[in-house]
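Peer 1: Let me see the structure of the following:
(one chain, ligands or ions: 1)
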Amino acid sequence: SPDAPHPDAPVAVELDGVSKRYGDATAVDDVSLRVREGEFFTLVGPSGCGKTTTLRLIAGFEEPTVGAVRFAGESVAGVPPERRDVGVVFQSYALFPHMTVGENVAYGLNFAEPPEGVTRDERVADLLELVDLPDAADRDPESLSGGQQQRVAMARALAPGPDVLLLDEPMSALDARLRERLRAQVKRIQSELSITTIYVTHDQEEALAVSDRVAVMNDGAHEQVAPPRTVYRRPATRFVAEFVGDNNVFSGRVRDAPADGEVAVAVDDADETLRVGVANGPDAIPEAGDRVAFCVRPEHLRVAGDGDAVRRGNRTENALRATVASAEFLGETTRVTLDWGDRELLVRTVDPLDGAVTVAFDPDDAHVIDVEPQ
Ligand code: ATP
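Peer 2: Numbering: from 1, shown residues only. This next block holds a predicted model:
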């Protein structure tokens, strides 16, 4: 795909029409994807969407019901996990409590010989250096913080020099501050080794922060596979628009033919026509009578005083009169929920808001998600 950040790198891991069913339940539904060498690829989605099952299929803990998993172009059907050249880190660190940190990492070497001219001890020291725990070899794993234990688990997974690193929610047991630090470290380690990494998380912010590309999953299937900025700025579906970051999603009917790169949309269940830019939408340009869905990020809704016209040049912009319903102070900004008729709008502000307000957006800041021809 033209969106791939390593478009010329060989394909490291490929899923080709993979489905996994358990009885009547479909955990993974016809997923195809190609992860390239050195790529940091993330599967993100709500609980139960099939992320972990996808990772287990890649690791070899499960076999697909339909479809093929390939490593470097070769099918791995029937190849057990220990022969797939993958390192796996799970949510629970699962370090051996009766071994030192160094012994835990050495265990990861298994029967793999360290590189030529390097002793096992040196290899363990190098790995602990890599995960920024150079002095921890003799420590008891239980004396380490959760984040440190998870880094030891990474060192252990990396010990045999796997081709692919698989991370299943490795941070979900940690508190928010530790998670942020650990994700920066995971990213650093990944780029230092240029190791192909497939990462599973339900946390969309984490996914945007660390990935080269993100696959947003829903109900066993991929809704969008793209770099973080594309997923955020150009969500391909309503699900992606609402799952990734805060958003305001509108639907309605196009009133007349596009003019000046914009269409006028009569919004459903609201006595309002809004102007929407069509330049950054899907390939289908909306026509009069089509149904469309579009979204506007909270940071693109600008707040004016009650009843103020919001203008750009000599044109009045899309202005919506609303009232403040609630506010969450987030530090740098406040996330404010507004009542707009029967609906809610989300805005981000620096100054506190109260009572009646007018918010407005530039048509070019609206993103068309979906066009349904008349
Ligand atoms: P979570 O974030 O909660 O771990 P997930 O996105 O990783 O969710 P999966 O664990 O892959 O989702 O599960 C996807 C679906 O498949 C769920 O509905 C789950 O109940 C079902 N499922 C997974 N494993 C099995 C199994 N061994 N037997 C039956 N159903 C299963």
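
Peer 1: Would you mind listing what in the stretch 101-250 of the chain touches the ligand?
Peer 2: Residues of the stretch 101-250 of the chain found near the ligand (CB under 6 Å from any ligand atom) are His202. Using the backbone N, CA and C atoms, a C-beta is placed for each residue, glycine as well.

Peer 1: Distance of the closest residue to the ligand within the stretch 101-250 of the chain relative to Leu330?
Peer 2: Using CB to the nearest ligand atom, His202 is the residue of the stretch 101-250 of the chain that sits closest to the ligand, at 4.9 Å. For His202, the distance to Leu330 (CB to CB, to the nearest Å) stands at 20 Å.

Peer 1: Met217 now?
Peer 2: Where Leu330 is concerned, Met217 sits at a distance of 27 Å (CB to CB).

Peer 1: can you tell me which residue is nearest the centre of the protein?
Peer 2: Nearest residue to the geometric centre of the chain (CA atoms, centre = their mean): Ala207, 3.3 Å.

Peer 1: who's in contact with it?
Peer 2: Thr42, Val44, Tyr199, Thr201, Val214, Pro228, Val244 (CB atoms under 8 Å, 6 or more residues apart in numbering).

Peer 1: do that again at 6 Å, thanks
Peer 2: Neighbouring residues of Ala207 by CB atoms under 6 Å, 6 or more residues apart in numbering: Thr42, Val44, Thr201, Val214.

Peer 1: How many residues are close by the last one?
Peer 2: Neighbourhood size, Val214 [other CB atoms under 10 Å]: 29.

Peer 1: Please name the nearest non-neighbouring residue to Arg139.
Peer 2: Nearest residue to Arg139, sequence neighbours excluded (CB to CB, 6 or more residues apart in numbering): Val101, at 5.0 Å.

Peer 1: So what's the residue count around the one you found?
Peer 2: Count around Val101 with other CB under 10 Å applied: 26.

Peer 1: give the contact list for it.
Peer 2: Ala136, Ala137, Arg139, Pro141, Val152.

Peer 1: filter those to the buried ones?
Peer 2: Ala136, Ala137, Pro141, Val152 (16 or more other CB atoms under 10 Å).

Peer 1: Which of these fall in helices?
Peer 2: Among these, DSSP state H puts Val152 in helices.

Peer 1: which of the buried ones among the contacts of Val101 lies closest to Pro115?
Peer 2: The closest of the buried ones among the contacts of Val101 to Pro115 turns out to be Ala137 (CB to CB; 18.8 Å).

Peer 1: Might one say that the closest one is in contact with Gly102?
Peer 2: Yes - assessed by CB atoms under 6 Å, Ala137 is found in contact with Gly102 at 3.4 Å.

Peer 1: tell me which element the closest residue to Ser145 other than its chain neighbours is part of?
Peer 2: Distance criterion CB to CB, 6+ apart; nearest residue to Ser145, sequence neighbours excluded, is Leu178 at 7.1 Å. Using DSSP states H and E, Leu178 sits within helix 176-193.

Peer 1: quick one: average pLDDT of that helix?
Peer 2: The average pLDDT for helix 176-193 rounds to 88.

Peer 1: Could you point out the helix or strand that follows that helix?
Peer 2: From helix 176-193, the next helix or strand downstream (DSSP H and E) is strand 196-201.

Peer 1: Show me how far the very next helix or strand once past that following strand is from its chain's centre.
Peer 2: Beyond strand 196-201 on the C-terminal side, the first helix or strand identified by DSSP H and E is helix 204-210. A distance of 5 Å separates the centroid of the chain from that of helix 204-210, by CA atoms, centre = their mean, to the nearest Å.

Peer 1: one step back: tabulate the buried ones among the contacts of Val101 (TSV), appending pLDDT.
Peer 2: Putting the buried ones among the contacts of Val101 into TSV (pLDDT from 0 to 100) gives the following:
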residue	pLDDT
Ala136	93
Ala137	93
Pro141	93
Val152	93
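
Peer 1: would JSON lines of the buried ones among the contacts of Val101 with distance to Ala293 be doable?
Peer 2: Formatted as JSON lines, those follow (distance: CB to CB, whole Å):
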{"residue": "Ala136", "distance to Ala293": "51"}
{"residue": "Ala137", "distance to Ala293": "56"}
{"residue": "Pro141", "distance to Ala293": "50"}
{"residue": "Val152", "distance to Ala293": "46"}
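
Peer 1: quick one on the thing from earlier: go through the contacts of Val101 and say which is closest to Ala59.
Peer 2: Val152 (19.7 Å).

Peer 1: Distance of the residue lying closest to the closest one once chain neighbours are set aside relative to Pro286?
Peer 2: Leaving aside its sequence neighbours, Val152 sits nearest to Val101 (CB to CB, 6+ apart; 5.4 Å). Per CB to CB, Val101 is found 59 Å from Pro286.

Peer 1: Also Asp8?
Peer 2: Taken as CB to CB, the span from Asp8 to Pro286 is 36 Å.

Peer 1: which one of these two has more residues nearby?
Peer 2: More crowded of Asp8 and Pro286, by other CB under 10 Å: Pro286, with 25 against 7.

Peer 1: which residues touch the more buried one?
Peer 2: Pro286 neighbours (CB under 6 Å, 6+ apart): Val254, Val263, Val292, Val371.

Peer 1: Run a quick check on the last one versus Asp283, I expect a contact.
Peer 2: Right, Val371. No - checked against CB under 6 Å, the pair Val371 and Asp283 is beyond contact range at 9.0 Å.

Peer 1: Looking at those two, which is more packed in?
Peer 2: Val371 (20 against 5).
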